[in-house]
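**Student:** 3D model of this:
(2 chains)
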Amino acid sequence: MSLFSSDNALLQVHGVTKYYGSRIGCKNVSFDLWPGEVLAIVGESGSGKTTLLNCMSTHLAPTAGAIEYRMRDGSMRNLYQLSEAERRLLMRTDWGFVHQNAADGLRMTVSAGANVGERLMAVGDRHYGRIRETANDWLGRVEITSDRIDDDPRSFSGGMRQRLQIARNLVTQPRLVFMDEPTGGLDVSVQARLLDLLRRLVSELGLSVVIVTHDLAVARLLSHRIMVMRQGHVIETGLTDQVLDDPREPYTQLLVSSILQV
Amino acid sequence: MTYAPQTPSESAYNFAYLDEQTKRMIRRALLKGIAIPGYQVPFASREMPMPYGWGTGGVQVTASIIGKDDCLKMIDQGSDDTTNAVSLRGFFKKTAGVATTFETADASIIQTRHRIPEKPLREDQVIVFQVPIPEPLRFLEPRETETRKMHGLEDYGLMHVKLYEDIAKNGHIATTYAYPVKVNGRYVMDPSPTPKFDNPKIDRMPALQLYGAGREQRVYAVPPYTDVKSLDFEDYPFEVQSFDKPCGLCSAEGVYLDEVILDDHGGRMFVCSDTNHCEERRAQGLTGPMAAAPTAAQLSDGNEPKPETRT
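**Tutor:** Next up, the predicted model:
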């Protein structure tokens, strides 16, 4: 299967290790991510999921290891050798980052339209009418009605904020989106709607996604592949259905069996 | 810009208040600012014998460039005779003993708080602005480390987010003062809180513009004939304020007007913000609908401020 040879990988993680002093954040994590693939990183709190995600998204420099990303021109670049200008451009064009707390990823004091339009203006769009039209289109795609375009995100509900954050990230047609517990803190019915929306957008746009979650149901719904972490180590990895239906490691078995049944 | 012998009465002070080392430090910062138009140069701002917000930055810049032969004009919101202008003019009269004037054309250095004179400035003049907050991105991004990085990387999308908000909320760009500009195609700069009416004047201005922010410890500059473009959108281009009436006293049009409330029944008049410009016009016999009759002005002897003589 040449499609899955590392020549085509979008993101390659080689032996990434992060120490906080003498404590392990994550240790020796390696994997490849292919275009259009959704990878879920699961595990309990403190297992190193978010550390790994922050390392990948250049928010936190790893102690050891390398992370390479295929730029739009096809070249493979080490993320930590990019210049600050290149890194910023990458983060606001080719990448998205969906925070657990929408307030972290939004500008709460400017309107929804400006939130969506910010990336467009950052890459040089200077036509108000076009920016607004694009913002309106994206708000529609995340099921926010167009009469809310001039409202502050502060007046939005939690679910709407999260959807707005997603629109803001997707407006520049990124190829890779990092998500940190995108459904955390939302009630179950809103979660279901958001997951539906995410699944539709991901397949429509052919996005690659790295999603960090402790909620195995989210992983089951969204992801193709799953990585189970514990105490900073990756202990099991495989296709989502395979890992969840037939967990091999004792810890994964425990994790799967501890899902609450109603 | 020469050394001046100290007058006996003020011998405790150096010429123009600041010591020579401080002046040297500020001049170096200014030279750097002129070399990089619009770039905010940090400098070691001194305590001045006046509160922050009174123009400590502008005063330090003026004190560093002024010489004995200079003629100083000091304006506050266009006016030569309001508290701030009078105090700072007195300060330089006392500490530097230089000539002062109300006439824009006679001045070699003009220190201003938030206005640019209506009369076009010349190559042999310098205009010094008092700046409260030099960072145009400050209210959008509170972190200094981040705004510096944004300037360094020319990452100015955020500025347009503000303008977008203006249009979304008001239907037009509602920023009326401290309107952000791009200097020489590179740095985004806050032209101090001058009304945006004055923005076209700083574009390719023949005079050197120096900006000083004392509390924030920054100076910046726009050299003569530098391109200064006000930021805008393609479909919402930059435009200045316009007034539907001429000045009530001198009937000038196309100038910046101040509103003056006359009574508590809604009576008001609009007059030139640049008092020197207004007086000159009236001296030429150009009067507006609300001006006193010329004979009345002569009789009262003092209603019209007497032009200050050069000392």
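**Student:** Going along the chain, name the strands of the stretch 101-250 of chain A.
**Tutor:** According to DSSP state E, counting those that start in this stretch, the stretch 101-250 of chain A carries its strands in the segments A:176-180, A:208-213, A:225-230, A:233-239.
**Student:** got these as TSV, with mean neighbour count and distance to B:Gly171 columns?
**Tutor:** Backbone N, C-alpha and C define where each C-beta goes, glycine included. Below are those laid out as TSV (neighbours: other C-beta atoms under 10 Å in any protein chain shown; distance: least, C-beta to C-beta, whole Å):
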stretch	mean neighbour count	distance to B:Gly171
strand A:176-180	23	35
strand A:208-213	24	39
strand A:225-230	23	49
strand A:233-239	16	54
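**Student:** and chain B, which of those strands is closest to it?
**Tutor:** In terms of C-beta to the nearest C-beta, the element of the strands of the stretch 101-250 of chain A nearest to chain B is strand A:176-180, at 19.9 Å.
**Student:** Who are the contact partners of the closest residue to A:Val256 other than its chain neighbours?
**Tutor:** Nearest non-adjacent residue to A:Val256, counting by C-beta to C-beta, 6 or more residues apart in numbering or on different chains: A:Pro247, 5.1 Å away. Neighbour list for A:Pro247: A:Glu236, A:Gln253, A:Leu255, A:Val256 [criterion: C-beta atoms under 8 Å, 6 or more residues apart in numbering or on different chains].
**Student:** Of the residues you listed, select the buried ones using a PyMOL command.
**Tutor:** Remark: buried members of the contacts of A:Pro247, expressed as a PyMOL selection using 16 or more other C-beta atoms under 10 Å in any protein chain shown:
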select buried, chain A and resi 236+255+256
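**Student:** can you put the contacts of A:Pro247 in a markdown table and add secondary structure and pLDDT?
**Tutor:** Converted to a markdown table, these look like this (DSSP: H, G, I helix; E, B strand; the rest coil; pLDDT from 0 to 100):
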| residue | secondary structure | pLDDT |
| --- | --- | --- |
| A:Glu236 | strand | 94 |
| A:Gln253 | helix | 92 |
| A:Leu255 | helix | 88 |
| A:Val256 | helix | 89 |
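**Student:** Run a quick neighbour tally on B:Val228.
**Tutor:** When neighbours are counted by other C-beta atoms under 10 Å in any protein chain shown, B:Val228 registers 22.
**Student:** Look up the closest residue to it, ignoring the ones flanking it.
**Tutor:** Spatial nearest neighbour of B:Val228, chain neighbours left out: B:Asp203 (4.3 Å); criterion: C-beta to C-beta, 6+ apart.
**Student:** before we move on, what about A:Leu221?
**Tutor:** A:Leu195 is the one closest to A:Leu221 (C-beta to C-beta, 6+ apart), at 5.2 Å.
**Student:** isn't that neighbour right up against A:Thr183?
**Tutor:** Yes. With contacts counted by C-beta atoms under 8 Å, A:Leu195 reaches A:Thr183, the gap being 6.4 Å.
**Student:** Surely A:Ile67 is in a strand?
**Tutor:** Yes. Assessed by DSSP: H, G, I helix; E, B strand; the rest coil, A:Ile67 belongs to a strand.
**Student:** Okay, and the beta partners of it?
**Tutor:** Beta bridges link A:Ile67 to A:Val13, judged by DSSP bridges.
**Student:** contacting residues around it?
**Tutor:** So A:Ile67 contacts A:Leu11, A:Gln12, A:Val13, A:His14, A:Val16, A:Cys55, A:Met56, A:Asn78, A:Leu79, A:Tyr80 (C-beta under 8 Å, 6+ apart).
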